[in-house]
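[1] Prediction below, plus the sequence it came from.
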Amino acid sequence: MDGGREPAQVYGSMQIELAWTIIPTLIVVVLFLATARVIHAIQDAPEPAGALDVIAIGHQYWWEFRYPKLGIVTANELHIPVSVSGHPTPTFLQLLSVDTDHSFWVPQLAGKTDLIPNHPNRMWMDPQRTGVFLGQCAQYCGTQHAKMLLRVSVDGPEDFASWVHVQQKLAVEDAGAIAGRRVFERNACMNCHAVGGTPANGRFGPDLTHLMSRATIAAGAAENNHDNLRLWIQKPSAIKPGSLMPAMKLSDADLNAVVSYMETLR
């Protein structure tokens, strides 16, 4: 080979230039159409006749869940039925916010969807297995954003029916809790919280009708047991600094009475 000679020079090829322009363009178009089809199928999916409707409302800093067709109101712990093959039971959620931007995110069940004031949003979940799945607010919403947690219990058909049955009944208070109910009603508690079958119908805080049926308090920040419940009522900032729930400054006798009353709400 003559080292002094250069190979033949090619200064342009219309065929090659058309190929590397048209082929990537076609790939992008195909991917765009496929993505648009999937997004449309997910976001605009028709609601099946057997679907469960839930309204999820974001508050600073807790979750409110309303089941309009079942007459159930609860907080922070969402119960939905498993969707088995042959009998799909998806859950459709309408997402609302009463104050600032929030974001509903349960990674194992669905993607992140925002809750924006005066702008209703929606999403749906179609879980294929039972269990408890953890999530939280994924949009910074204030000082307690990190502790605005939620739990989704995916129940089998019988367990979900049993949960619905319990939630639809009014809590039966123990006769020994009458003193605690009186303390609850004469303080500011009833201005923020609701308890079915009583004059308490506040909407600013969680509905407490079946408080003790929940595994956690303070939007998942603490286990729902006697000591934590007492501390939460006595000094909310000890569990959740920055919480909007005020310290009620009750006497020990009144505090013990209110805790006893709360523990009857099952």
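    Done, it's in. Note that this is a predicted model, so its numbers are computed, not measured.

[2] so what's the nearest residue to Val98 once chain neighbours are set aside bridging to?
    Take Val98 and drop its neighbours on the chain: the residue closest to it by Cβ to Cβ, 6 or more residues apart in numbering is His59, 5.7 Å away. From N, CA and C alone the C-beta is placed, and that goes for glycine too. With DSSP bridges as the criterion, His59 is bridged to Trp62.

[3] For His59, the count of nearby residues, please.
    His59 has 22 neighbours, counted by other Cβ atoms under 10 Å.

[4] just checking, it touches Leu115?
    No - counting by Cβ atoms under 8 Å, Leu115 is not a contact partner of His59; they are 9.9 Å apart.

[5] related to what we said a few turns ago, what pLDDT is listed against the residue nearest to Val98?
    The model reports His59 with a pLDDT of 96.

[6] State the distance from it to Ala219.
    Remark: distance between His59 and Ala219 (Cβ to Cβ, to the nearest Å) = 9 Å.

[7] what do you get for Asn191?
    Taken as Cβ to Cβ, the span from Asn191 to Ala219 is 20 Å.

[8] neighbour-wise, which of those two wins?
    Per other Cβ under 10 Å, whichever of Asn191 and Ala219 has more neighbours is Ala219, with 24 against 12.

[9] got the contact list for the more buried one?
    Each residue near Ala219 by Cβ atoms under 8 Å, 6 or more residues apart in numbering is listed here: 61-63, 75-76, 147-150, 240.

[10] Pull the number of nearby residues for the closest residue to it other than its chain neighbours.
    The spatially closest residue to Ala219, leaving aside those adjacent along the chain, is Trp62, at 4.2 Å (Cβ to Cβ, 6+ apart). By the measure other Cβ under 10 Å, the count of residues near Trp62 is 26.

[11] Name the helix or strand for Asp254, please.
    Assigned by DSSP states H and E, Asp254 falls within helix 252-262.

[12] Tell me where the chain has strands.
    52-59, 62-67, 72-75, 77-81, 91-97, 102-105, 113-115, 121-125, 131-137, 149-155, 216-217, 222-223 (DSSP state E).

[13] so where is the stretch 151-266 of the chain shaky, pLDDT-wise?
    171-176 (pLDDT under 70).

[14] hey, where'd the helices end up in it?
    157-168, 178-186, 189-192, 226-234, 252-262 (DSSP state H, counting those that start in this stretch).

[15] Could you pull up the contacting residues of the closest residue in space to Gln108 that isn't next to it in sequence?
    Nearest non-adjacent residue to Gln108, counting by Cβ to Cβ, 6+ apart: Phe133, 4.8 Å away. Applying Cβ under 8 Å, 6+ apart, we find Phe133 in contact with 106, 108-109, 127, 151-152, 154.

[16] so Phe133 bridges to which residues?
    With DSSP bridges as the rule, Phe133 is bridged to Val152.

[17] Could you break the chain into its assigned domains?
    52-155, 175-262 (automatic domain parsing).

[18] Without its sequence neighbours, what residue ends up closest to Thr216?
    Using Cβ to Cβ, 6+ apart, the nearest residue to Thr216 is Asn224, at 5.4 Å.

[19] oh sorry, the question was meant for Cys137
    Met148 (4.0 Å).

[20] who touches that neighbour in this structure?
    58, 60-63, 102, 136-137, 141, 219.

[21] From these, pick the one nearest Ser83.
    Trp63 (21.4 Å; Cβ to Cβ).

[22] I'm done for today, thanks for sticking with me.
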